[in-house]
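Peer 1: Quick check, what structure comes out for this input:
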Amino acid sequence: MSRAQRWSEEEVLRAIARGEIEVRRSARRKKTVAVSKEVETYVLRTPVRYSVERNIRSLTDLFNRLSARDHSSDADLAELAEEMSRRFFGGRLRPTSIRWVTNQNVSRWASTTTSTGDIRVSHRLQAVPRWVLETVVVHELVHLQIGPHSKEFHALADRHPRQTDAKIYLEGFSDGERFRRGG
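Peer 2: Numbers count the residues shown, from 1 in each chain. Predicted coordinates:
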């Protein structure tokens, strides 16, 4: 579903039937539901006895709120990298490829293979505000030119005015993930 479209109740139910929305029921979850995006699939976490059909209106609202801030396709990511390259580096720093991946650990948000120009971004960042994702992409673009985190590296990465804010945001986000996992 594209960002411009809104979900209808019928579309949510069809997406569940097709497996595009995976419902994960948990005995530990008592009252709340949560939706997240894992690359190309939405995950709906619910209590065991939660009725999707009875709560379809509120679920549809939830999916529409999530879609409004969705920047989660590989094409969206490539478009963002292009925009960040133009805005901060005159279009000079361009990855060979950039895509979402699910194999980054809790403390790693993205990685760049300087020899190939490939950038991989953790799918966990699909849930963050755009400005946070922008800073991660800018950081990785700089790695295309400068490998290690040197003063020169940080001077280029800090061209994005919210690098410091994003670092604080991501530290909190990471702590929240560790807390949810019980670590």
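Peer 1: which SS state does the residue most central in space within the chain fall under?
Peer 2: Nearest to the geometric centre of the chain sits residue 126, at 1.3 Å (C-alpha atoms, centre = their mean). What DSSP: H, G, I helix; E, B strand; the rest coil gives for residue 126 is helix.
Peer 1: I'd guessed it sits against residue 100; true?
Peer 2: Yes: using C-beta atoms under 8 Å, residue 126 makes contact with residue 100 at a distance of 6.8 Å. C-beta here means a position set from N, CA and C on the backbone, and glycine is covered the same way.
Peer 1: helices or strands next to the lowest-mean-pLDDT helix or strand in the chain in the packing?
Peer 2: None of the helices or strands of the chain scores lower by mean pLDDT, DSSP states H and E than strand 34-38, at a mean of 78. Identification of packing neighbours for strand 34-38 by 3 or more C-beta pairs under 8 Å, 6 or more residues apart in numbering; DSSP states H and E yields strand 41-47, helix 56-68.
Peer 1: residues in contact with the first one?
Peer 2: Think strand 41-47. With contact meaning C-beta atoms under 8 Å, 6 or more residues apart in numbering, strand 41-47 is reached by 15-16, 19-27, 29-37, 52, 59, 63, 66.
Peer 1: Quick one: closest of the helices and strands packed on strand 34-38 to residue 74.
Peer 2: Across the helices and strands packed on strand 34-38, residue 74 has its closest neighbour in strand 41-47 (14.1 Å, C-beta to C-beta).
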